[in-house]
Every structure is written in C-alpha cells, then in structure tokens.
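In: what's the 3D shape of this:
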Amino acid sequence: MVAEYVKRMYHKDTLTDIWFWRDSSGNEVDFLVEEGTSLKVFEFKSGETIMPDMFRSLTRFDVISGNAVFAKTLVYGGSENQERSVGNVLSWKDFGW
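Out: Now for the predicted structure:
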C-alpha cells in the first residue's frame, strides 16, 4: 500500500519525505507523510470491523509530536469510509488513489 502511495506521489510530482515511527514501548504508526510543517499519519489494519483501539497509536503519536499532526487516518480492510472525531476511516480500496 505504501509503495502504491509513493508511486502516485512520484507520478503527480509531489514526492515528499515519508516515515515509519515506533517508540521503545512498542507504539507505532505505519506511515507518516510530511506536508509542510505538519504530518499526515496513517495506521493500516487488515480487519473489516473498526474498533476504537485501532486509533490508539495515531492518538499517541499526535500527543508525542506536540499536535504536529493535521490528519489521522485509519486504513482498514472494510469498504466504508467515515469521518470520526478521532480521525478518518478509509477503505483500503480508496487508499492511494
């Protein structure tokens, strides 16, 4: 999924720095994209059912980063896109396009 996103950025000539983050306690965010001085962060989950704890790492990173995150997105195995107070939910089918 990350490779597809990078290819899309390359073809649109919007290639920017991307990262993965993990702390010593095992908290991690799968995909971080720099946009100016802010970050978009993504967590990938294969499950088709959205559970509140799926947002835990995104929220933790937002706090640790000093609220430098302007978009938190959970990409999951389901088909319904949603906007939630904790972040956006995006179907894997719609990621990177």
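In: Flag the shaky bits of the chain, pLDDT-wise.
Out: Within the chain, the segments meeting pLDDT under 70 span 15, 96-97.
In: which non-adjacent residue is nearest the residue positioned nearest the centre of the chain?
Out: Nearest to the mean C-alpha position of the chain, counting by Cα atoms, centre = their mean, stands Phe42 at 0.7 Å. With sequence-adjacent residues excluded and distances taken as Cβ to Cβ, 6 or more residues apart in numbering, Phe42 is closest to Phe31, at 4.0 Å. (Glycine included, C-beta is placed from N, CA and C.)
In: Would you mind pulling the contact partners of the helix or strand hosting the one you found?
Out: Phe31 belongs to strand 28-35 when assigned by DSSP states H and E. Taking Cβ atoms under 8 Å, 6 or more residues apart in numbering as the criterion, the residues outside strand 28-35 that touch it are 2, 5, 16-22, 39-44, 57-58, 61, 70.
In: same thing but at 6 Å, please
Out: With Cβ atoms under 6 Å, 6 or more residues apart in numbering as the test, strand 28-35 has contacts from 2, 16-19, 21-22, 39-44, 57, 61.
In: same for the next helix or strand after that strand, what does it pack against?
Out: Note on strand 28-35: by DSSP H and E, the next helix or strand toward the C-terminus is strand 38-44. Helices and strands touching strand 38-44, as assessed by 3 or more Cβ pairs under 6 Å, 6 or more residues apart in numbering; DSSP states H and E, comprise strand 28-35, helix 56-64, strand 69-76.
In: Lovely, talk soon.
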